[in-house]
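A.B. asks: Take a look and give me a structure for this.
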Amino acid sequence: MGLTPTRIYIDSCVVIYLVEEHRDFAPIVESLLEKAPDAKLFISDLTVMESLVGPFRSGNKALEAKFNGWFAGITVLSLTNEIFVDAARLRAANASLKTPDSLHLATATHYSCDEFWTNDGRLDKVAPTIVRNIL
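C.D. replies: Reported below is the predicted structural model:
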């Protein structure tokens, strides 16, 4: 029997670095992804929303299309009522946690992700077993 592939939830900031080809961060993320070729990658509807704000704000249709193309190749997890309730519990227990971060963490947990890749150094204090600050 083979090992189950790692389930990785990717935070919005990491998605933005990848799609916008951030000169410092994208190569690091790409290298980590190359080292985990069997990993299953996930984002949420919230990630889609957060990622599209920049292209919508600037009117950059090419970047919008690039994001949408990237989204088409990854599993997008739906936000359920249970996730919102779990996110509320996380926020209640962690005063500094913002709503989007609590929703991302609750989504990753709800869908049994093994890792949550981010560039937010505050989140590993909230969920140290899955949060991995990769940058």
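A.B. asks: and the worst-scoring helix or strand of the chain on mean pLDDT, what does it pack onto?
C.D. replies: In the chain, the helix or strand scored least confidently by mean pLDDT, DSSP states H and E is helix 123-126, which has a mean of 90. Counting contacts by 3 or more Cβ pairs under 8 Å, 6 or more residues apart in numbering; DSSP states H and E, helix 123-126 packs against helix 99-110, strand 131-133. All C-beta atoms are positioned from the backbone trio N, CA, C, and that covers glycine.
A.B. asks: what sits up against it?
C.D. replies: The contact list for helix 123-126, computed with Cβ atoms under 8 Å, 6 or more residues apart in numbering, reads 90, 94, 97, 101, 105, 116, 131, 132, 133.
A.B. asks: which one of the residues you listed is nearest residue 15?
C.D. replies: Minimum distance to residue 15 across the contacts of helix 123-126 is 12.6 Å, recorded for residue 116 (Cβ to Cβ).
A.B. asks: so that closest one is in which element?
C.D. replies: When secondary structure is defined by DSSP states H and E, residue 116 falls within strand 115-118.
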